[in-house]
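>>> Just need the structure, nothing else, for what follows:
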Amino acid sequence: MITPTNLPYQERELLSRIAQSDEAAFTEIFHQFSQRIWMFVVKKAKSESVAEEIVQEVFLKLWVKKEMATDIEDLASFLYTMAANKLYDHFKKVAGDSRKLENMWLQVQQAAISNPVEEALDFRESMHLINQAIEQLPPQRKKIYLLNRMEGLSYEEIAQKLNISKSTVSNQLVEATRSIREYIKSTGGATILFLVLSTKFYH
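Just a heads-up that it's a prediction; the model follows:
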């Protein structure tokens, strides 16, 4: 069992590995913090979909900026601060602020990205691999996956829509996720983006 005194060292070790593009270390941090960040955001935003989007943005940014991971002194504070900043952005948008203010925030976000062109290309390439993998799924499995991941339907909603059991929906999604992950690995693609984008925090 990890004691509080050992936790800082464990975090430093994981962040050091992330800085060296270690996907296993990133996955460990993602599973350790993603649910907690999601709960924090959903309480503030009162929206599960907004919370899910913010969590995705937070962890994608952590990976995109992985070479700076060793500069993080407090991982929890770093992640919660990023989530809070994203929340602030969200509230500004829904409050009906002026176009000028929205443009200002856009410039701030763009300034924080060192190489937006390269990152956009990496993102598109990863999404292309995911789409290729989805296309290779059996018809029903593909339909269930798209209804859940792309349209945001719950397990129960999909079961009712397709006239199948909720357990069948769950099993098909597990198999779909496994197939897509294996396809991405077989093509030499990074699985980080898929891990973040495919995680659902509610059923």
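>>> Look up the pLDDT of Leu55 for me, please.
Slight slip there: residue 55 is Val, not Leu. We have a pLDDT of 90 for Val55.
>>> Could I get the full set of helices for the chain?
Along the chain, counting by DSSP state H, helices occupy 7-19, 23-45, 48-64, 75-94, 99-111, 116-135, 139-145, 155-162, 166-186, 192-198.
>>> weakest of these in terms of mean pLDDT?
Mean pLDDT, when computed for each of those, is lowest for helix 99-111, at a mean of 43.
>>> could the helices of the chain go into JSON lines alongside mean neighbour count?
Glycine gets a C-beta too; all of them are placed from N, C-alpha and C. Converted to JSON lines, those look like this (neighbours: other C-beta atoms under 10 Å):
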{"stretch": "helix 7-19", "mean neighbour count": "16"}
{"stretch": "helix 23-45", "mean neighbour count": "17"}
{"stretch": "helix 48-64", "mean neighbour count": "20"}
{"stretch": "helix 75-94", "mean neighbour count": "16"}
{"stretch": "helix 99-111", "mean neighbour count": "11"}
{"stretch": "helix 116-135", "mean neighbour count": "14"}
{"stretch": "helix 139-145", "mean neighbour count": "17"}
{"stretch": "helix 155-162", "mean neighbour count": "16"}
{"stretch": "helix 166-186", "mean neighbour count": "16"}
{"stretch": "helix 192-198", "mean neighbour count": "20"}
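>>> hang on, isn't Glu67 packed against Ala19?
Yes - in this structure, Glu67 is within contact of Ala19 by C-beta atoms under 8 Å, at 5.8 Å.
>>> Between these two, which contacts overlap?
Common contacts of Glu67 and Ala19 (C-beta atoms under 8 Å, 6 or more residues apart in numbering): none found.
>>> Would you map out the domains in the protein?
1-114, 115-203 (automatic domain parsing).
>>> Out of all residues in the protein, which is the farthest from the middle?
Asn163 (29.9 Å; C-alpha atoms, centre = their mean).
>>> Contact partners for it?
So Asn163 contacts nothing (C-beta under 8 Å, 6+ apart).
>>> That one and Val169: what is the separation?
11 Å (C-beta to C-beta, to the nearest Å).
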